[in-house]
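A.B. asks: no sequence on this one, just coordinates:
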């Protein structure tokens, strides 16, 4: 039965429970039919167009290692992959395997990795047993690993097998990929010395995407690891962890596998964990970004054709993006303001070319190089009518103006009116959309104001001088 990687991940992330050392044939990658064909392992080759799998002489032990590389084949970016089982080339999913009847505690291998632009390698291993009644292969246990670290020297990776059944397997499949999620051309993985182990394993965890991401906090998440005593969390402002936050430098969060990182400035952060097993500490997990969003603020300088959008600033951002729309769901985005980029030094933008007397909505995103935050909150504002001056229409209301108040009395008390008051800069200082009899508005100071009153049919505008 085909066993997609995503199925393996779901199984292994939800089940954590574990006797000879039956080794994998050609696990030391010494035997090759030619420079591009590794004996005992399934892979693929494009001949004249490229070789994703090649014999490599920079071995950890012996003479050879295997090099696995992501290539651009006729315009399609394809990760390199080797597997003990078969490979579905259309989906890049492995299936099948080779006979194997042991229950090892874990396995280890040596690897070097040179990812391009944050690419991620992947490793998987799973044990199965044929179920004759169901006509399928049941998963007995397995393990997996991801890394986005540049490792120019060999690094030992030791991983525990996670068992979900007490059965003895009859098959095993193991695979390595040079790119796991968004493949980048020339990402290169070199692997050597794959061994099955029957000793306790000091394994790392895998960081999962951040959740609950706000302008000043986020929740870091990772997979729980069996037999872990606790987890040590690092949070940094840079991808290489040269600027780790002092309060989150090897911070012991206990045995939980999610932690709220708070009291942050708006910006981008990266997190990773290592695992403590009593006094032993694992290597670091993969790194995961948390791009914090900005806060959109009230619009200012409102006029008949636009307004100025405002938002809070983000540290270390490279640009901002803004959307302006005529609906709150942003299905009617203004063509000139669809993901419009603004310099990182700015935190406001004059929006122009809009329709008069119309409600608009805007939201902002912070861009941190190739990372983009979630949308900010949404702010709504309305452009002004053509002229904010006395209107000579028959008005269904009367106005009384005192030194610091405006009182409005309506003739038809069964009508509903919306009242808005703007200051000289066009900033809306008062609004009420459910007025039917009268309304008194208290002003902060005696100066010129603009009053807008509207019902379902007409809009009336007044210049008020208390």
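C.D. replies: Right, received. Where do you want to start? Predicted model, so just to flag it, every value in this text is computed and none were measured.

A.B. asks: Walk me through which strands the helix or strand harbouring residue 123 pairs with, and which way each runs.
C.D. replies: Secondary structure assigned from DSSP states H and E places residue 123 in strand 121-131. Listed by DSSP bridges, the sheet partners of strand 121-131 and their directions read strand 136-147 (antiparallel), strand 171-177 (antiparallel).

A.B. asks: Including mean neighbour count and mean pLDDT, could the ones you listed go into CSV?
C.D. replies: C-betas here are computed from N, CA, C, even on glycine. Formatted as CSV, these follow (neighbours: other CB atoms under 10 Å; pLDDT from 0 to 100):
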stretch, mean neighbour count, mean pLDDT
strand 136-147, 20, 90
strand 171-177, 24, 95
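
A.B. asks: Could you check those strands and tell me which one is nearest residue 125?
C.D. replies: Proximity to residue 125 (CB to CB) singles out strand 171-177 among the strands paired with strand 121-131, at 4.5 Å.

A.B. asks: before we move on, the earlier item: I'd like the strands paired with strand 121-131 as a markdown table, with distance to residue 229 appended.
C.D. replies: Below are the strands paired with strand 121-131 laid out as a markdown table (distance: least, CB to CB, whole Å):
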| stretch | distance to residue 229 |
| --- | --- |
| strand 136-147 | 20 |
| strand 171-177 | 29 |
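
A.B. asks: Walk me through the domains of the chain.
C.D. replies: Domain assignment for the chain, taken from automatic domain parsing, gives 5-197, 207-291, 296-382, 397-464.

A.B. asks: I'd like the average pLDDT over the last one.
C.D. replies: What that stands for is domain 397-464. Per-residue pLDDT values across domain 397-464 average out to 80.

A.B. asks: Now do the end-to-end distance for that domain.
C.D. replies: From its first residue to its last, domain 397-464 covers 14 Å (CA to CA, to the nearest Å).

A.B. asks: picking that back up, least confident of the domains of the chain, on average?
C.D. replies: Between the domains of the chain, the lowest average pLDDT goes to domain 397-464, which shows a mean of 80.

A.B. asks: Find out how far it is from the centre of the chain, if you would.
C.D. replies: Counting by CA atoms, centre = their mean, to the nearest Å, domain 397-464 is centred 46 Å from the centre of its parent chain.

A.B. asks: What of stretch 450-466?
C.D. replies: Average the C-alpha atoms of stretch 450-466, do the same for its chain, and the two points are 46 Å apart (CA atoms, centre = their mean).

A.B. asks: quick one: contacts for residue 336?
C.D. replies: Contacts were defined as CB atoms under 8 Å, 6 or more residues apart in numbering; by that measure residue 336 touches residue 353.

A.B. asks: how many neighbours does residue 252 have?
C.D. replies: Around residue 252 sit 11 other residues, with neighbours defined as other CB atoms under 10 Å.

A.B. asks: My read is that it contacts residue 232, right?
C.D. replies: Yes. Counting by CB atoms under 8 Å, residue 252 sits close enough to residue 232 to count as a contact (5.8 Å).

A.B. asks: what's the overlap in contacts for the two?
C.D. replies: Common contact partners of residue 252 and residue 232 (CB under 8 Å, 6+ apart): residue 276.

A.B. asks: Please name whichever of the strands paired with strand 121-131 is nearest to residue 318.
C.D. replies: Nearest of the strands paired with strand 121-131 to residue 318, taken as CB to CB: strand 136-147 at 25.9 Å.

A.B. asks: What pairs with the next helix or strand after the closest one, parallel or antiparallel?
C.D. replies: Counting by DSSP H and E, the element after strand 136-147 in chain order, helix or strand, is strand 151-160. In the sheet, strand 151-160 lines up against strand 106-114 (antiparallel) (DSSP bridges).

A.B. asks: what comes up buried for the partner strand?
C.D. replies: Within strand 106-114, the residues scored as buried using 16 or more other CB atoms under 10 Å are 106, 107, 109, 110, 111, 112, 113, 114.

A.B. asks: And stretch 58-75, by the same measure?
C.D. replies: Counting neighbours by 16+ other CB under 10 Å, one finds that the buried residues in stretch 58-75 are 59, 60, 64, 65, 66, 67, 68, 69, 70, 71.

A.B. asks: Pick out the most distant pair among the residues you listed.
C.D. replies: Taking CB to CB, the two most distant members of these are 60 and 71; they sit 24.1 Å apart.

A.B. asks: so residue 63 sits right up against residue 57, yeah?
C.D. replies: Yes. Under the criterion of CB under 8 Å, residue 63 is in contact with residue 57, at a separation of 6.9 Å.
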